[in-house]
Each structure stands twice: as structure tokens, then as C-alpha cells.
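Okay, structure incoming, though there's no sequence with it:
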């Protein structure tokens, strides 16, 4: 059998897509996984364009495998994901040894693109946006544990001034309700107990259920009937309705954890980002969520050093992060993305200032997360056991409702089950616990 070397960058949507690419190529071409590009018959880079100089990093990675193509002309090299969507045929123009370029919405066409490349001898480029078509052609997920990801929508229609996603993944398109339920039912039948619903703005999902228009909160009611635990990411404040807040009150299967990016604590910066909400509106969502589910953990995303951000604006971000009691969150220094409105804004913040502010925010966020972890010590958590601990084969690792890893002693028969674990200690990035037999 041939070998596939697949390297994935970026978000959980990319991880989901990469898993589908591997399954698709395993089925269509009989390819098995390769640990190193030197072992591969096909190299695939599934790219992300969120971070700074993403395009240059892709070409650097391509440069590192160019000699393999020269030594073995039959080796195929494909570039997918968001950088592929942005650059299109420009990738082949700059790196003529690339055989196939495909976008996030055309990954299901990869076997046909490879076939056409072999038949014609010409590089193939398809970065179109055929909406929901890809989901109709992807193989069912391979189950490798008690949890799985299910993508319920693609793209984004928010057009935040700093973001490339609407240009690389297209407008928001929701998967049909019947397709989502069928995929989850198949996963549940194969032992999956927890599913994470994925989308760029997952709570913007809209569909039809029993001939009636339905929103994300309605979808959750049906999904929660099929599973022991349900998560979702990433949500957007503009779509975080009262119905969704009520779902966290009414559906015990919903994990007590919400990832809700705020990006900034300054209304002036939020307006420049075109986020479509104010800090007061965001605080209202957080307050109502905690009223509905007091134990809920709230995590977020931050962009520091956005064009025009003053020290006062940044202090407002620190204040919001503190008042909202955010748990482990992601924070990034602003980096201009080519083609986005923010890249042309005046008042670009010096890199040194961005990095200094980022460090201050991260120190605060880490302290908040540590305090929450320490507050869990002595309590008992419902933990989904994922498998052996990374550090010790004699221990198990599982995940709490608020998305923390817990390591504890237990037998392999517990893998894939929910068990009560008493938390005994908080580590820097995990918890210690012991099985609670009561």
C-alpha cells in the first residue's frame, strides 16, 4: 500500500478536515499514514491562514520537500486549506512541483484531482465554493474513542475586519438537520458518548426540523437526546440568543463550558474590528449564562495590539477578562492578514508593544485559570475516560465537563466510560484525581 504524509495546521475545523482527507485517501487510493515525508507517496499540507506570514510558512514547508519530488518524480504533493483557497493557482506558479491545490470546500474532490493530474501531467487547482457538496461525498468518520467531532456548518458571513475566513471558506452554509442527526446516530451506535459540534460560527446554524425553521438551540435539543455529553465550538456573541442560554439551563447533556470569543474589552476597538456587539452586550451574555448554569466555565479569544489600540483600550481588555472570570483562553498579538480591511487601518501598533501587552494578558489569564483549577480540588467531577495517560501507562486520562484533563489510577476497562473522579491536586495544565467509588 502507498503512504500518505499529512500535516495539518490551525483550528479544529482543519483537524476535522484532515481526518476526513486521511479517510478519503485511505478509501480511494489505499493510502496508509506515513510518519515522515521521506516515506510518503503523497504529501498533503492542510494549511491555515490565520497567523502571521502563513503563506510564507507554507512555501517554506514546500521548499523542504522539493528535493523529494526531484528524486522521485512520481511523488505527489498537494496543498489544501485556507492558504490554498487564498493563493489558488499562485501556489503552482511559485512552486511548480506542486501537483494539486484544493480548498476547504473541495477536499472531497482530492482523489479525482490526483487522477486528473496523473492522466494529464498538468497541475490541478480547485478552490471553488460548492457549499454543502463536500459533506455528501465524505466517508463516515472512523471512531477512535468515546468522543468525536461533527461539523454542522461551514464558512462565515460576519466579515470581521481582521479575518480571512469569509474569503477562504466562503459564506455561512448550514448542513441539513437530517444529515447531522444521521452522522451522530452512526457515531453513537459505535460507542461514541461525547460529540463536539464544529463551525466557524456554530451557533449561526439554521435549518428545517419537521418542516419548521429551526435554530441552533433547537438542534441541540435533538442532539442531546442522542448523547451523554455535547460540546460546541466556536460560537459568536452576535448569535448567542436567549434560547441558547436557556438550553444550557434545560439540557444537562450540554457540557458546562462555552467558548465565546470576545477579542477586545474596548467598544472602540470592537467597532473597528466590526464585531457587531458592545462590551455591555457581551457582559450580559456572560451574566445570563452563569444565572442559567452557575457552574459554567467561560473561555474566550483575544486579539491584542489591534490597529489604534491605546493603553486605555488594552486596560479595558484586562478588566473585562478579570470581571468575566474567564477560564483558560486563547490570546494572540494582532498580525495583519493580506486582503483584510484591518491591514490597511492607520495606527498600527508597534510589534514590541503588541508582544508586551500579550504577555501581560496571558499572565493574567493563566492566573485566573490556575485559580479555577485550584478551586476544583476536593470536588468530584464526571469524567469521560479517553485512554491511558501520556505520562504513565499505569494511569488513565479523562476530560471534565469544563474541558480539563484529569490523570488518575484506573484499569483499562474504564476507557470510554463516564466515571466520578475526586480532584486531589491542580497542576499547571492538568488535574490529578482519584476514582471515587461512592
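Sure, I can see it. Source: prediction; values computed, not measured. Numbering: from 1, shown residues only.

separation between residue 168 and residue 129?
10 Å (C-beta to C-beta, to the nearest Å). For every residue, glycine as well, the C-beta is placed using N, CA and C.

Likewise for residue 207?
From residue 207 to residue 129 the distance is 19 Å (C-beta to C-beta).

of the two, who's got more company?
residue 207 (20 against 17; other C-beta atoms under 10 Å).

Quick check: mean pLDDT of the longest helix along the chain?
Longest helix of the chain, by residue count under DSSP state H: helix 351-376. Averaging the model's pLDDT scores along helix 351-376 yields 96.

Can you give the distance of it from its chain's centre?
Relative to the centre of its chain, helix 351-376 is centred 21 Å away, using C-alpha atoms, centre = their mean, to the nearest Å.

That one: which residues count as buried?
Residues 354, 357-358, 360-362, 364-365, 368-369, 372-373, 376 are the ones in helix 351-376 that count as buried (16 or more other C-beta atoms under 10 Å).

Packing partners of that helix?
Applying 3 or more C-beta pairs under 8 Å, 6 or more residues apart in numbering; DSSP states H and E, one finds that helix 351-376 contacts strand 301-304, helix 311-323, strand 330-333, strand 418-426.

what about this protein, any weak spots by pLDDT?
Per-residue confidence of the chain (counting by pLDDT under 70) places the weak regions at 1, 51-52, 131-142, 437-438.

Repeat the analysis, applying 50 as the threshold.
Across the chain, not a single residue meets the criterion (pLDDT under 50).

circling back to that earlier point, mutual contacts of residue 168 and residue 129, please.
When contacts are counted by C-beta atoms under 8 Å, 6 or more residues apart in numbering, the set common to residue 168 and residue 129 consists of residue 103.

Helices of the protein, residue ranges please.
Counting by DSSP H, the segments of the chain that form helices are 12-29, 54-71, 81-87, 89-94, 110-120, 133-137, 165-168, 177-189, 216-224, 242-250, 267-273, 279-292, 311-323, 351-376.

In TSV, list those helices along with distance to residue 393.
Conversion of the helices of the chain to TSV gives the following (distance: least, C-beta to C-beta, whole Å):
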stretch	distance to residue 393
helix 12-29	25
helix 54-71	34
helix 81-87	35
helix 89-94	43
helix 110-120	37
helix 133-137	38
helix 165-168	40
helix 177-189	27
helix 216-224	34
helix 242-250	37
helix 267-273	46
helix 279-292	39
helix 311-323	38
helix 351-376	25
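
Residue 342 is nearest to which of those helices?
When those are compared for distance to residue 342 using C-beta to C-beta, the nearest one is helix 267-273, at 7.3 Å.

in the closest one, what counts as buried?
Going by neighbour count (16+ other C-beta under 10 Å), the buried part of helix 267-273 is 267, 269, 270, 272, 273.

circling back to that earlier point, ranking the helices of the chain by burial, who's on top?
Mean neighbour counts were compared across the helices of the chain using mean count of other C-beta atoms under 10 Å; the top stretch is helix 81-87, at a mean of 26.

Can you tell me what sits against it?
9-10, 14, 17, 45-50, 54-55, 58, 91, 101-104, 127, 164-165, 167-169, 338-339.

Tell me how far residue 22 lies from residue 295.
37 Å.

The buried residues of helix 267-273 into CSV, with extra columns for distance to residue 301?
Below are the buried residues of helix 267-273 laid out as CSV (distance: C-beta to C-beta, whole Å):
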residue, distance to residue 301
267, 17
269, 14
270, 13
272, 16
273, 12
